[in-house]
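A.B. asks: Predicted coordinates and the sequence they were generated for:
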Amino acid sequence: MEEYAMLTTQKTRLVKDTIVAAEDWHKTAALDEKEARSLDLVRTVLRKGIAEYGDALKVVVSCSFGIDSIITLHLVRTVAAELGISFDTVWNNTLNEYPQTRQYAKKMTQEWALSLIEARPETTLKKIYEENGVDTLFKRKGDRRGEKGAKEPVVEKCCGALKHKPMQKAIKENGWHIMFNGVRSGESRQRWMAGRRDGDFFYSSHTWKTWVCRPIQWWTALTDSFNYGNNWQEDVWEYVRKHAIPYSEIYDMNAVIDDRYEGPTAIVDRVTAERLVAEGYNVFMPRTGCQACPIPIKRGYLRYLREVFPKTYRSMLFQFGFAKALIAEMPEEQRAELMDELSSFGIISEKTEEAVLERLEEIIEWKPCVFDGVGVDKRKKPKEAA
C-alpha cells in the first residue's frame, strides 16, 4: 500500500499499471483475501489522513443505506474503532427513497450509533419534471452539474439536482478531507471505466475536492450488470452473511417477472431470487435510490413497480408524465398494434398518442401490462470469462 500513501493533491491518482494490477488481483482472490485487502486500504488511507491533517482530520462515509454502502460502512467502522478515529456518515436523501430505506436508515443510525448527516435537495422530483418535461427516459449522456445552457437529458438533470449538488454542498459545509463510498465497477460499464481511470483511492480535484476511497471497488456480485472478467463470483452477499450484517427489507422484495414462473408468489426473498436467477428466470432485484427513477426500466422496473409499488407506478405515469415518453419510446410496430387493439375495442376513437393519453387510466385498468416491455433490454448477459 506504499504507493497509496505517496499520493498527493498534485499527484492525484495511482499509475495505470497499479490500478489494472489491483483489478486483476481481485478477479481470482477469495473473499477473505479481498476483505483483508480492503481493511488494509482503509487503514492506509486513514493513517495518511492522520499524518496530513492531525487532529483536524474529518472523515465521512457516503451511505445510501444500500448493500454496497453498508458493507463499506462496516469496513470503515472496523478500522476506525481500531485507530480511535471518529467519522460522519452522510446520506444523500433524495426525498424519493423507498419507505424500507427510510426505516432501515433510522434503524442503523440507532444500532450503529452513527453520526448521520442528511444531504437534501433544494428542489423536488416533481418540480424537475414540471420544469423540463420528459424528453426521453433512456438517454443518459450529459453533464450532471446542471450548468446554465447545458443540454443534458432530464434524467441527468434529476441526478444532478437531487444527488450531485446536495453532496457537493454537504462536503463544502462540513469540510471532510476523506470520503469513503461503496461504488463498485461491476455495476455498469461507466463505473468500470471510472474505476480504471481513478482506481480505488484518489484525490477528486474537479468534482468533490476531497480524497475519495472505494474499498470494494473491485468486489463483485452475481447480479452485476457488467462483467469485466470476474466470472460472476459473489463477494457482496457472502460478506453480508459472513458478518450477519442487517440489511434493508427492500432486498427481500424481489419480483419474478417471468411468465414461466409458477411459484406461489411473485415476490421472493434474496436467497430465492438468487436461486431463480441461477436457474435462468428473469427476476427484478431492486436497489436503493430514487423510487421514481426511470434508469432501471431497462431491467423491467415498470413491471416491478406496477406489481409491488402501484402508487409510485401511477405517479410516474400521470404526475411526472412518463406515459407520454413511454408511448413515444415504443417500437413503431408495437405502438401500431396497441393503437389497433385499443381502437377495435372502442377504447380510443382515433389512433393517436394523444387519444391514448386521454384514456390512459381506462387503458391501464384494461391492460395493466401496457408499458411493461418498453425500454427493456433484451440483450443477454455476456458469457463468463474463461
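C.D. replies: Sure, I can see it.
A.B. asks: Let's verify the closest residue to residue 321 other than its chain neighbours: helix, strand, or coil?
C.D. replies: In this structure, residue 321 finds its nearest non-sequential neighbour in residue 134, 4.7 Å apart by Cβ to Cβ, 6 or more residues apart in numbering. Any C-beta I mention is one placed from the backbone N, CA and C, and that applies to glycine too. Each residue gets one of three states, and residue 134 gets coil by DSSP: H, G, I helix; E, B strand; the rest coil.
A.B. asks: Would you mind giving both backbone torsions of residue 134?
C.D. replies: Per-residue torsions, residue 134: phi -110, psi 100 (degrees, to the nearest 10).
A.B. asks: Can you get me a residue count around it?
C.D. replies: 19 (other Cβ atoms under 10 Å).
A.B. asks: quick one, strands of the stretch 251-386 of the chain?
C.D. replies: All strands of the stretch 251-386 of the chain, identified by DSSP state E, counting those that start in this stretch, fall at 254-256, 267-268, 283-284.
A.B. asks: Can you tell me what sits against the last one?
C.D. replies: It refers to strand 283-284. Residues from elsewhere that reach strand 283-284 (Cβ atoms under 8 Å, 6 or more residues apart in numbering): 254-258, 268, 273, 276-277, 296, 299-301, 303-304.
A.B. asks: same question, the longest one
C.D. replies: The list of residues contacting strand 254-256 from outside it, by Cβ under 8 Å, 6+ apart, reads 263, 266-270, 272-273, 276, 281-286, 303-304, 307-308.
A.B. asks: wait, isn't residue 63 in contact with residue 93?
C.D. replies: No. Applying Cβ atoms under 8 Å, one finds residue 63 not in contact with residue 93, separated by 10.5 Å.
A.B. asks: Compare the two (neighbour count), which wins?
C.D. replies: Higher neighbour count among residue 63 and residue 93: residue 63, with 26 against 21, using other Cβ under 10 Å.
A.B. asks: Could you check how far the more buried one is from residue 277?
C.D. replies: Counting by Cβ to Cβ, to the nearest Å, the separation of residue 63 from residue 277 is 26 Å.
A.B. asks: coming back round to it: sort out for me which of the contacts of strand 283-284 are in helices.
C.D. replies: 273, 276, 277, 301, 303, 304 (DSSP state H).
A.B. asks: which other residues reach stretch 202-209?
C.D. replies: 7-9, 12-14, 167-168, 171, 179, 210-212.
A.B. asks: so for that stretch, what's the average pLDDT?
C.D. replies: Mean pLDDT, computed over stretch 202-209, is 90.
A.B. asks: and the end-to-end length of that stretch?
C.D. replies: Stretch 202-209 has an end-to-end distance of 10 Å (criterion: Cα to Cα, to the nearest Å).
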